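K.L.:
here is my input; please provide its structure:
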Amino acid sequence: MPDPRRALGAAGEDLAAAWYEAEGYRVLARNWRCRQGELDLVVARPDVLVFCEVKTRRGDAYGGPAAAVTHAKQQRIRGLALRWLGEHSVRAPSLRFDVVAVRKERGRAPVIEVLEGVF
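P.N.:
Predicted coordinates:
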């Protein structure tokens, strides 16, 4: 039986990737994993390389989606980004860390909020 939370997360990541592509970014990696964890999205334009954490929720009962990206999670994502950079020969003039908050409530169109450079 499929895990509904995993399916919700994958749907949010699909929406986030589509948003970045519509804005002219190229998706370099989705769900990149290593022993230390996972990067949801790595996207790039010629001027910037972005490491993106996607948080999807059905509502705000436990706080908004972006609130789930704690300081500890930010530090872990930074470490993962360094590891990803060490394994890939991608060069960009700047790096950025984004959070995409997706609200996907039943019976309503999804709401996507892209928070650029938040950590």
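K.L.:
tell me what the helix or strand encompassing Ala7 is packed against?
P.N.:
Here Ala7, judged by DSSP states H and E, is contained in helix 4-22. Packing partners of helix 4-22 (3 or more C-beta pairs under 8 Å, 6 or more residues apart in numbering; DSSP states H and E): strand 26-34, strand 37-45, strand 48-57, strand 95-103, strand 111-115. Every C-beta, even on glycine, is put in place using the N, C-alpha and C of the backbone.
K.L.:
what mean pLDDT does that helix get?
P.N.:
The average pLDDT within helix 4-22 is 95.
K.L.:
now swap in stretch 46-55 and tell me
P.N.:
When pLDDT is averaged over stretch 46-55, the result is 97.
K.L.:
hmm, back to that, so which of the helices and strands packed on helix 4-22 is nearest Leu8?
P.N.:
The closest of those to Leu8 is strand 48-57. By C-beta to C-beta, the value is 5.3 Å.
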